[in-house]
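> Could you work out the structure for the sequence below:
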Amino acid sequence: MEKQTDSDNIEDIYRIIFDKLNDSIVVFPLDENNEMLNFVYSNPASTKWTGLTKEEILSSNPKHLFAPHRLDDVIKNIDTIVNEGFLTHEMEITLRDGTFLPVELSSSLITVGNERFILTSGREIAERVESRKEREERMKEKTLLLDILTHDLRNYISVLWGCISHTLDDEDVTIEEIKTSVYRAKASLAKTDALLDDISVLMKKDIEFTYELRPVNILNNIHKCQSSLEDMYPLKEIQINTDKVNPKQNVLADMLFEQLIFNILSNSVKNTPSQAVRIDVSTEEKQDGRVIISIADFGKGITQDKRRKIFERYSEFRKKGSGSGLGLFIIQTLIERYKGQVWIENTIKGDYTKGTTFKLELRKTETEMFEFA
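So this is what the prediction gives:
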């Protein structure tokens, strides 16, 4: 009878213990350079997980079972196991259909004679990973709402501060000017109240954004924003041209769409040094079921290098100016929420100093628009 090798003995022991387990169990040896060699053991659960036969697993190298984009992590993990003797970590394995399955692996270094093996038990954690992703998404939503709340409340407070300061500090202020300041303050308070209403609606049920996007009219929201801008910047002469906006054009969005448009328009006003501010808005319908909204200003423009970071949170571009730096980050986040795209172009081709044009690509809808209460 042929004498069994150490490897045969190891396989016999593991087969008895592990064949009935629901967790995947695999064993593979290491060479003198800590390179992984072909599997020498695979229990039935491994076959069930991967869709591969036992023969296919045993004839393959562990590198082929792990997700290709995680191979660098695999190599680092092998070094840790060799040095410390044990490691529990999360990984992705490749299934027969080419998809990746998230698993938790517990690996131990085993030495038999002059041979070294790594025994790895695995447990599928797709539900855990999905739950973690959902928690992360909810946290992102919470952060977004807090950003919008603090960003816009500061803007509305600045209007109130300006109205009060003008009334109290100007000795020659007239009754008409006082009335104008009061009206502007009232409008700012109304916007604050509306913002708080929006946020309170979205914060219900632990920030679960389960409602569907609805048709929102582009032109109506521009008009609402223009009124707010005039209250916020009383010393500016703001002209928003909407002749090229289809008055019946609706896009799929939600109650925060006005905040999206307002942040872009506000950005244009802030970056126009002159008292007179001109903004041209137009819409263009595409054949693929989308509409492009172009918002062009004629301010100081944005250099190409600054555009690369313009939508990053607290970007240096916005930090150097007024405001909290969140406006452009909010734009990017809401566009992603609406499954759209946003990018920046020069208002005058080839000359960034002549102004900036924001391009928004959103899904259009022919359904009658929804009015948010």
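> I'd say Thr283 and Arg290 touch.
No. Counting by C-beta atoms under 8 Å, Thr283 stays clear of Arg290, with 10.8 Å between them. C-beta: built from backbone N, CA, C; applies to glycine.
> Contact partners for the residue lying closest to Leu265 once chain neighbours are set aside?
Nearest residue to Leu265 in three dimensions, chain neighbours excluded: Cys225, at 5.3 Å (C-beta to C-beta, 6 or more residues apart in numbering). Counting by C-beta atoms under 8 Å, 6 or more residues apart in numbering, Cys225 makes contact with 258, 261-262, 265.
> right, and the helix or strand after the helix or strand containing Cys225?
Using DSSP states H and E, the element containing Cys225 is helix 218-232. Proceeding N to C from helix 218-232, the next assigned helix or strand is strand 237-244, under DSSP H and E.
> what comes up buried for stretch 212-222?
Within stretch 212-222, the residues that count as buried by 16 or more other C-beta atoms under 10 Å are 213-219, 221-222.
> That should have said stretch 100-119, apologies.
100-105, 107, 109, 115, 117-119.
> Kindly state the domain boundaries assigned to the protein.
Following automatic domain parsing, the chain resolves into domains at 6-124, 130-365.
> Determine which of those shows the lowest mean per-residue pLDDT.
Here those differ in mean pLDDT, and the lowest is domain 130-365 at a mean of 79.
> Could you measure from the residue nearest to Leu265 over to Ile264?
Here Cys225 is placed at a distance of 9 Å from Ile264 (C-beta to C-beta, to the nearest Å).
> again, but for Glu285
For Glu285, the distance to Ile264 (C-beta to C-beta) stands at 20 Å.
> Which one of those two is surrounded by more residues?
Higher neighbour count among Glu285 and Ile264: Ile264, with 22 against 12, using other C-beta atoms under 10 Å.
> you'd agree that one is up against Ala296?
No. Applying C-beta under 8 Å, one finds Ile264 not in contact with Ala296, separated by 10.5 Å.
> Give the residues shared as contacts by these two.
Common contacts of Ile264 and Ala296 (C-beta under 8 Å, 6+ apart): Phe358.
> Check the secondary structure at Asn346 for me.
strand (DSSP: H, G, I helix; E, B strand; the rest coil).
> Grab the longest helix from the chain for me.
Counting by DSSP state H, the longest helix found in the chain is helix 126-169.
> mind listing the helices for the stretch 251-373 of the chain?
Here the stretch 251-373 of the chain has its helices, by DSSP state H, counting those that start in this stretch, at 257-270, 304-307, 316-319, 327-337.
> Spit out the contact partners of the residue lying closest to Phe66 once chain neighbours are set aside.
Ranked by C-beta to C-beta, 6+ apart and with sequence neighbours excluded, the top spatial neighbour of Phe66 is Val74, at 5.1 Å. Taking C-beta under 8 Å, 6+ apart as the criterion, Val74 is in contact with 62-63, 66, 91.
> And for Pro29?
Contacts for Pro29 (C-beta under 8 Å, 6+ apart) come out as 7, 37, 40, 115-118.
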